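Q: sequence below, structure please.
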Amino acid sequence: MNEMIKEVEEIIRVQQHRIKRNELSHEFPYMSEYDHFIRLAYLYKTLEIWEACHKLMLKYQKRREVPVGAINAEAIEQILKMAHRYPGIRVETLERIVEYVKTLEWKLEEKEKNIGNFV
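A: Got it, this is the predicted structure:
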């Protein structure tokens, strides 16, 4: 996530430099005044979009940085007890959910081991 934020910050910086350069190029005769203002409007709109994207990424950065850990036995029991509270959920469905969560935990542990090997 941090790498993406840095990339977007670099794009924003480049866009700001393009805008400054194009604002100064108004005095040069190689483009008409209309073309110049259209190009500036396009650059400002692009900058605005990238800044909005940057703000959104910063907003979700806090949510994504929550560490992911293994589910404990109490959580599994709570999932299985949900069948009594919600009549539409079958026990077989809950057991499949628990199996799937355990599979995800196994994959997470494997990835952590692989990352540990490269570090």
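
Q: next secondary structure element downstream of the helix or strand where Glu74 lies?
A: Secondary structure assigned from DSSP states H and E places Glu74 in helix 73-85. Counting by DSSP H and E, the element after helix 73-85 in chain order, helix or strand, is helix 91-118.

Q: walk me through the domains of the chain.
A: Here the domain parsing of the chain from automatic domain parsing is 2-64, 73-118.

Q: burial of Ile19, as a residue count?
A: 16 (other CB atoms under 10 Å). Quick note: C-beta positions are derived from backbone N, CA and C, even for glycine.

Q: which residues does it contact?
A: Contacts for Ile19 were tallied using CB atoms under 8 Å, 6 or more residues apart in numbering; they are 40, 43-44, 47.

Q: if you set the cut-off to 6 Å instead, what comes out?
A: Ile19 is in contact with Leu43, counting by CB atoms under 6 Å, 6 or more residues apart in numbering.

Q: pLDDT on the strand or helix carrying it, on average?
A: Element membership for Ile19 (DSSP H and E) is helix 2-24. The average pLDDT within helix 2-24 is 89.

Q: next secondary structure after that helix?
A: Next helix or strand after helix 2-24 toward the C-terminus (DSSP H and E): helix 33-64.

Q: now for that next one, which elements pack on it?
A: Secondary-structure packing of helix 33-64 (3 or more CB pairs under 6 Å, 6 or more residues apart in numbering; DSSP states H and E): helix 2-24.

Q: now the helix it packs on: buried residues?
A: Neighbour counts over helix 2-24 (16 or more other CB atoms under 10 Å) mark 8, 11-12, 15, 19, 22 as buried.

Q: ok, Glu7 to Glu92 distance?
A: Applying CB to CB, to the nearest Å, the value for Glu7 to Glu92 is 45 Å.

Q: just Leu24 next, same as before
A: Distance from Leu24 to Glu92, counting by CB to CB: 69 Å.

Q: repeat that for Leu58.
A: Per CB to CB, Leu58 is found 42 Å from Glu92.

Q: these two - which one has more neighbours?
A: Counted by other CB under 10 Å, Leu58 and Glu92 do not tie: Leu58 has more neighbours, with 12 against 9.

Q: list the contacts for Glu109?
A: For Glu109, the contact set (CB under 6 Å, 6+ apart) is empty.
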